[in-house]
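>>> what follows is a protein structure lacking sequence information:
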């Protein structure tokens, strides 16, 4: 540690500040990157559905519960499923009626006939098994994805013994691709792993490989996950996604070299793309850069981390995160001027609604390292001024949730607000946005929205269908799952907000610890009669100038922020620590 500035009073919390950031940023990077990947996956899935020509199905909006009223009239639902020629297979009058209805474009009549055939046949017989498969296809193509998943479960339960198990794998892809936020869908995809690759239709192999990789990543079987992700073809639309997930998997395996190779390959792919493909791949490039920076930070290669953070420009979705995180990297390399300059950018009025509670804590630590005790207190006062009221409001909000349903309604209202119609105090909004921006919560809300649309679909269908045995069955099952999913989303809301509250309380404890150490360090300095030396070092420091590159110019901050200056500030700081006060 540099003897010109390392204070002997570096104890307790501040002594741990550098070391603790290794694990902290590895986990933060992994969490943010993997959830962002999930969000990108949801967006790409909808594009894939169009690209693969999945037309005719009932299309539900992705906007959530507020779009439930967009359910179509019955005539719009009678398209999509055309039963294949299955002459010679088990049949019955109901199945023949269903096939004829499907060919005539009457999906409602087809699904009802197949359901009757399934009920009338003995369980486990070829007739019942064909009816199950035909019904699954009909429901999926109608857009009743949750209903299709219910019937698919019966086929999955029988496994390879079911004569339509292999054919059902294609329907499973349709459901997995278009059913948003279903946390159990990957488990169902994995049920067909024994068919991969030879017995999976060629056009679905890349998608199966990716989904199986995602499944095994999720359950912690990382080597198997990598094996499947390697199978995804470079010609596939899923190739970029598979490279990124492979990189994150390597990070979890503590294999930085292979993770870096995957991320570099992804960056080359993005940089070599053009036109519409480039626009689609740019989010992966943004993720790759910040993930690379976080990975190098986590391994202690701070200069490499800083280089990747520096490549993240203002138009990148992760620019503010990069500004803040690179401040820690500059802190680790003793570049306090750059660290404080980045934090100064975050303090600009442009970002008043952003949530970085650790920023003033880092400022305080840097000032502490440089024995600028008054500045330490100012930074900690700023933290208390901004975040103590937010902590109190957050506590009140959490205490107001008597049930998970109320917490779900809070989530729904928070996500549907717009413009001047916000229902929440502006001081609380930054915490709400941070906590409820979680991709898992977004997926939960999307799943609830899908279920609500399917319920409305059933309600709006002709009574002959909606009040039939099939309609009653689907309505009961979907409404039951809807109630469970709303409660589940509400439980996640309470958990996320409680976690944010705990983190704020932890930051307060850190703030108090720094303040105590500051008081002790300052008392020791004064007891050694070093006041004059501190004043002298301050005067000397004021004469120093900020070093710049030949192509740069220095403009002193005059109290007014300019957007094109953000990210380029350097805070001139000189250590006030005595030469004798070092390790």
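Structure's in. What do you need? On a predicted model such as this, the values are computed, not experimentally measured, just so you know.
>>> what packs against the helix or strand containing residue 112?
In the assignment (DSSP states H and E), residue 112 maps to helix 107-120. Applying 3 or more Cβ pairs under 8 Å, 6 or more residues apart in numbering; DSSP states H and E, one finds that helix 107-120 makes contact with helix 93-103, helix 126-142, helix 463-466, helix 469-527. Where C-beta positions appear, they are placed from N, C-alpha and C, glycine not excepted.
>>> is it true that residue 240 touches residue 269?
Yes: Residue 240 is within contact range of residue 269, at 5.9 Å (criterion: Cβ atoms under 8 Å).
>>> where do the helices sit along the stretch 151-300 of the chain?
Assigned by DSSP state H, counting those that start in this stretch, the stretch 151-300 of the chain shows helices spanning 165-178, 185-190, 202-218, 222-229, 239-252, 256-271, 275-298.
>>> so which of those is nearest residue 439?
helix 275-298 (12.4 Å; Cβ to Cβ).
>>> okay, buried residues for the closest one please.
For helix 275-298, a neighbour-count test (16 or more other Cβ atoms under 10 Å) marks 280-281, 283-298 as buried.
>>> which elements pack onto the following helix or strand past it?
Next helix or strand after helix 275-298 toward the C-terminus (DSSP H and E): helix 302-310. Counting contacts by 3+ Cβ pairs under 8 Å, 6+ apart, helix 302-310 is packed against helix 275-298, helix 319-332.
>>> and this protein, what are its domains?
Domain assignment of the chain by automatic domain parsing yields the ranges 57-189, 352-527.
>>> what residue ranges in this protein score low on pLDDT?
1-88, 348-353, 417-427, 525-574, 576, 578-583 (pLDDT under 70).
>>> try it again at 80.
For the chain, the stretches with pLDDT under 80 are 1-88, 344-355, 414-438, 525-583.
>>> got the buried residues for the helix holding residue 112?
Buried residues in helix 107-120 (16+ other Cβ under 10 Å): 107, 108, 109, 110, 111, 112, 113, 114, 115, 116, 117, 118.
>>> just give me the closest of these to residue 191.
Closest to residue 191, out of all of the buried residues of helix 107-120 and judged by Cβ to Cβ, is residue 118, at 20.1 Å.
>>> can you name the residues that contact the closest one?
Contact partners of residue 118, counting by Cβ atoms under 8 Å, 6 or more residues apart in numbering, are 128, 131, 132, 135.
>>> look up how far residue 139 lies from it.
12 Å (Cβ to Cβ, to the nearest Å).
>>> and the buried residues of helix 107-120 as CSV, adding distance to residue 441?
Shown next, in CSV, are the buried residues of helix 107-120 (distance: Cβ to Cβ, whole Å):
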residue, distance to residue 441
107, 33
108, 34
109, 39
110, 37
111, 33
112, 36
113, 40
114, 36
115, 35
116, 40
117, 40
118, 36
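>>> number of nearby residues for residue 184?
Using other Cβ atoms under 10 Å, residue 184 is surrounded by 10 other residues.
>>> looking at the domains of the chain, spot the one closest to residue 304.
Closest to residue 304 of the domains of the chain, according to Cβ to Cβ: domain 352-527, at 20.6 Å.
>>> so what's residue 186 closest to, chain neighbours aside?
residue 215 (4.1 Å; Cβ to Cβ, 6 or more residues apart in numbering).
>>> whoops, I mixed them up, residue 259
residue 250 (3.7 Å).
>>> what sits in contact with each of residue 240 and residue 269?
What both residue 240 and residue 269 touch, as defined by Cβ under 8 Å, 6+ apart, is the set 281, 284.
>>> and the two? which has more neighbours close in?
Neighbours around residue 240 and residue 269, counted as other Cβ under 10 Å, are more numerous at residue 240. The numbers are 26 against 18.
>>> check contacts around the closest residue in space to the more buried one that isn't next to it in sequence.
Of all residues not flanking residue 240 in the chain, residue 284 sits nearest, at 4.6 Å (Cβ to Cβ, 6+ apart). By Cβ under 8 Å, 6+ apart, the contact list for residue 284 reads 40, 240, 241, 243, 244, 266, 269, 270.
>>> so who does the residue nearest to residue 487 when sequence neighbours are not counted touch?
Ranked by Cβ to Cβ, 6+ apart and with sequence neighbours excluded, the top spatial neighbour of residue 487 is residue 404, at 4.2 Å. When contacts are counted by Cβ under 8 Å, 6+ apart, residue 404 is found next to 486, 487, 488, 489, 490, 491, 494.
>>> doesn't residue 443 make contact with the fourth one?
Right, residue 489. No: the criterion here is Cβ under 8 Å, and residue 489 misses it with residue 443 at 9.4 Å.
>>> quick one on the thing from earlier: would you format the domains of the chain as JSON lines with distance to residue 324 included?
Formatted as JSON lines, the domains of the chain follow (distance: least, Cβ to Cβ, whole Å):
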{"stretch": "domain 57-189", "distance to residue 324": "29"}
{"stretch": "domain 352-527", "distance to residue 324": "5"}
